[in-house]
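*Asks:* Here is the input, now give the coordinates:
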Amino acid sequence: MPHPFSMHGKVGIVTGLANRDSIAFGCAQALHESGAEMLVTYASPKAERFVLPLASEMGEPELMPCDVQDDAQLDALFERARERWDRLDFVVHSIAFAPQEDLHGRVVDCSRESFQVAMDVSCHSFLRMAKRAEPLMASGGTLLCMSYYGAERAVDNYGLMGPVKAALESASRYLASELGPQGIRVHAVSAGPIRTRAASGLKDFDELANQSEAHAPLRRLATVRDVGNAVVYLASPAGAATTGTVHYVDAGDSIRY
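*Replies:* Below you'll find the model as predicted:
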């Protein structure tokens, strides 16, 4: 009998690879080591020089550029999955963006344009991926997105991403409800402060991370590999009876608030 955490024979997509410190890398590496095959995407050709050297640590997956705001590129990604496997077992959405001025400014001051682009890239793109994945998950599968505790509580300097991540978590619950009868499970993974390149753009991030490390019950920060290991659990047969959750990977930091 296969081990319940094994991903051998499972195939899927991991989006949002940027560098070794990105959550997508931790997910892809953990999925590979658990036996999965995957397509891995990065945002644009400019990122190639950072992501190509990482391929050997992820089992040499097929790497594709994918701008999630370009429907043609999303179509090409899922068409490639169909050509290669004619099915999908998992999709990991690890993509978020908000204009810098609205990330650091007051939510009440954000522009309509910034709100729209942040929602489009960070939230609605997950829905677009789910729609394309659905026909390839006739035998079930798992959709996963990345969130943060700023979706639930007002966190200093998280700004516009707070309401955007709240929308993403809510969307994941609706997807879980709607797609559950087809055996498709959906989760949001809420990672604590992690020292990624994206996080370095947050004002006073080091202070936030240091406070979290000092006060979280486990007295440490989560790593991208911790997130990847959680993704393996949720996408594997071991997580077969779970869906619609916000799964915390934060060394217990969220229970302090």
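
*Asks:* tell me the contacts of residue 244?
*Replies:* By C-beta atoms under 8 Å, 6 or more residues apart in numbering, the residues touching residue 244 are 172, 173, 176, 177, 180, 185, 186, 187. To be clear about C-beta, it is placed using only N, CA and C from the backbone, and glycine gets the same treatment.

*Asks:* tell me the two of those that are most distant?
*Replies:* Maximum pairwise distance in the contacts of residue 244, criterion C-beta to C-beta, is 12.9 Å, between 177 and 187.

*Asks:* re the thing from before, which of the contacts of residue 244 are buried?
*Replies:* 172, 173, 176, 185, 186, 187 (16 or more other C-beta atoms under 10 Å).

*Asks:* In strands, which of those fall?
*Replies:* Counting by DSSP state E, the buried ones among the contacts of residue 244 place 185, 186, 187 in strands.

*Asks:* so the second one makes contact with residue 242?
*Replies:* The reference is to residue 186. No: contact criterion C-beta atoms under 8 Å: residue 186 and residue 242 do not qualify, at 10.1 Å.

*Asks:* Which neighbours in the sheet does the one helix or strand residue 91 maps to have, and how are they oriented?
*Replies:* If you go by DSSP states H and E, residue 91 is part of strand 90-93. Counting by DSSP bridges, the strands paired with strand 90-93 are strand 11-17 (parallel), strand 141-147 (parallel).

*Asks:* Report the spatially closest residue to residue 81, excluding sequence-adjacent ones.
*Replies:* Nearest residue to residue 81, sequence neighbours excluded (C-beta to C-beta, 6 or more residues apart in numbering): residue 88, at 5.6 Å.

*Asks:* That neighbour in helix, strand or coil?
*Replies:* Secondary structure, DSSP: H, G, I helix; E, B strand; the rest coil: residue 88 is coil.

*Asks:* Low-confidence ranges, this protein, go.
*Replies:* For the chain, the stretches flagged by pLDDT under 70 are 1, 197-204, 257.

*Asks:* Show me the strands in it, by range?
*Replies:* Remark: strands assigned in the chain by DSSP E are 11-17, 37-42, 62-65, 90-93, 141-147, 184-191, 245-249.

*Asks:* what about residue 144, how many neighbours?
*Replies:* By the criterion of other C-beta atoms under 10 Å, residue 144 has 25 neighbours.

*Asks:* in the sheet, who's paired with it?
*Replies:* Assigned bridge partners for residue 144, using DSSP bridges, are residue 92, residue 187.

*Asks:* Wait, it touches residue 231, no?
*Replies:* Yes: at 5.8 Å, residue 144 counts as touching residue 231 under the criterion of C-beta under 8 Å.
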